[in-house]
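J.: Based on what follows, work out the 3D shape:
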Amino acid sequence: MFRHVVLFRVRDDVTDPEVSDAMAVLRQLGTLPGVTGWTVALSLDERKGRVIIEDGTFPDQGSFETWRARSQHQRAALRMSEIADWLVGDWNADAATNRL
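T.: Prediction:
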């Protein structure tokens, strides 16, 4: 299993309707082929501003790479670049360990 997690820190000047629209676009990405689990949510903790969480699961890294190359993902990434900065965590959950 391959995991893909993104934390989008929404810029302060972005309106709530723009955030809702962006989240709708991100939710649509979960309907694309290859996605086995998909969550998009607004963080309940706003101490550092508004943060949109995207949490995806794929059967393997190849499925993820195919998904990421799709035009829908490219358009969503462009849209998010207009309203947010982000951090990405991608890992092979089958090979991951909890040891340091």
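
J.: okay, CA-based contacts and neighbour counts for the rest of this
T.: Will do.

J.: Which residues are in contact with the residue positioned nearest the centre of the chain?
T.: Central residue of the chain (CA atoms, centre = their mean): residue 54, 3.2 Å from the mean position. Counting by CA atoms under 8 Å, 6 or more residues apart in numbering, residue 54 touches 4-7, 26, 38-41.

J.: how would you label it: helix, strand or coil?
T.: Look at residue 54: counting by DSSP: H, G, I helix; E, B strand; the rest coil, its state is strand.

J.: quick one: low-confidence parts of this protein?
T.: Low-confidence segments of the chain, defined by pLDDT under 70, span residues 96-100.

J.: Kindly recompute the last result at 90.
T.: Low-confidence regions of the chain, defined by pLDDT under 90, span residues 93-100.

J.: Compare the contacts of residue 54 and tell me which has the most neighbours.
T.: When neighbours are counted by other CA atoms under 10 Å, residue 26 leads those with 24 neighbours.

J.: isn't there a strand covering it?
T.: No - Residue 26 sits outside any strand when classified using three-state DSSP, being helix.

J.: from memory it sits against residue 76, does it?
T.: Yes - using CA atoms under 8 Å, residue 26 is in contact with residue 76, at 6.7 Å.

J.: Run a quick check on residue 91 versus residue 55, I expect a contact.
T.: No - at 11.9 Å, residue 91 and residue 55 do not qualify as touching, with contact defined as CA under 8 Å.

J.: if you count what's nearby, which of these two comes out ahead?
T.: residue 55 (17 against 14).

J.: Skipping its backbone neighbours, what lies nearest the more buried one in space?
T.: residue 5 (4.5 Å; CA to CA, 6 or more residues apart in numbering).

J.: Next, the one you found: phi, psi?
T.: With angles defined as degrees, to the nearest 10, residue 5 sits at phi -120, psi 130.

J.: cool, residue 15 as well?
T.: Dihedral angles (degrees, to the nearest 10) for residue 15: phi -80, psi 160.

J.: Just give the number of residues close to residue 8.
T.: Considering only other CA under 10 Å, residue 8 is surrounded by 21 other residues.

J.: residue contacts, it?
T.: Residue 8 makes contacts with 51-53, 80, 84-87, as judged by CA under 8 Å, 6+ apart.
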